[in-house]
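Participant: After the sequence you'll find the predicted model.
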Amino acid sequence: MKYFNTLPFYFFAVCLMGTHLQASASTDPDWEVFVKSYGRYTEKKLKIK
């Protein structure tokens, strides 16, 4: 129950991190290349299993 009092602060921090990552991803052109290549890698790994 003691963690329930700090829950709004954690939620706010997570939201701030999400917006920061989204902003940095939109300014970095290599981010899309990384996401696409990582997506292909995980698809191959999932097909193997």
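Facilitator: Arrived safely, thanks for sending.
Participant: Report the separation between Tyr41 and Leu7.
Facilitator: Distance, Tyr41 to Leu7, using C-beta to C-beta, to the nearest Å: 35 Å. Bear in mind the C-beta positions are built from the backbone N, C-alpha and C, glycine included.
Participant: next helix or strand past the helix or strand bottoming out on mean pLDDT in the chain?
Facilitator: Within the chain, no helix or strand scores below helix 7-27, which has a mean of 64 by mean pLDDT, DSSP states H and E. Tracing the chain past helix 7-27, the next element assigned as helix or strand by DSSP states H and E is helix 29-48.
Participant: helices and strands around that next one, which ones?
Facilitator: Contacts defined by 3 or more C-beta pairs under 8 Å, 6 or more residues apart in numbering; DSSP states H and E place helix 29-48 against no helix or strand at all.
Participant: I'd like the numbering to begin with 50 instead of 1 from here.
Facilitator: Understood, numbering begins at 50; the last thing we discussed is helix 78-97.
Participant: Pull out the buried positions in it.
Facilitator: For helix 78-97, burial by neighbour count (16 or more other C-beta atoms under 10 Å) applies to no residue.
Participant: Need the CA coordinates for it. CSV is fine.
Facilitator: Listed next in CSV are the C-alpha coordinates belonging to helix 78-97 (Å, rounded to 0.1, in the frame of the first residue of the first chain):
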residue,chain,number,x,y,z
PRO,A,78,16.8,9.0,-39.3
ASP,A,79,18.7,5.9,-38.3
TRP,A,80,16.0,5.0,-35.8
GLU,A,81,13.6,3.7,-38.5
VAL,A,82,16.4,1.7,-40.1
PHE,A,83,17.2,0.1,-36.7
VAL,A,84,13.5,-0.7,-36.0
LYS,A,85,13.0,-2.2,-39.4
SER,A,86,16.1,-4.4,-39.2
TYR,A,87,15.3,-5.4,-35.6
GLY,A,88,11.8,-6.3,-36.7
ARG,A,89,13.1,-8.5,-39.5
TYR,A,90,15.5,-10.2,-37.0
THR,A,91,12.8,-11.0,-34.5
GLU,A,92,10.5,-12.3,-37.3
LYS,A,93,13.2,-14.7,-38.4
LYS,A,94,13.9,-15.8,-34.8
LEU,A,95,10.2,-16.4,-34.2
LYS,A,96,9.8,-18.5,-37.4
ILE,A,97,12.7,-20.7,-36.3
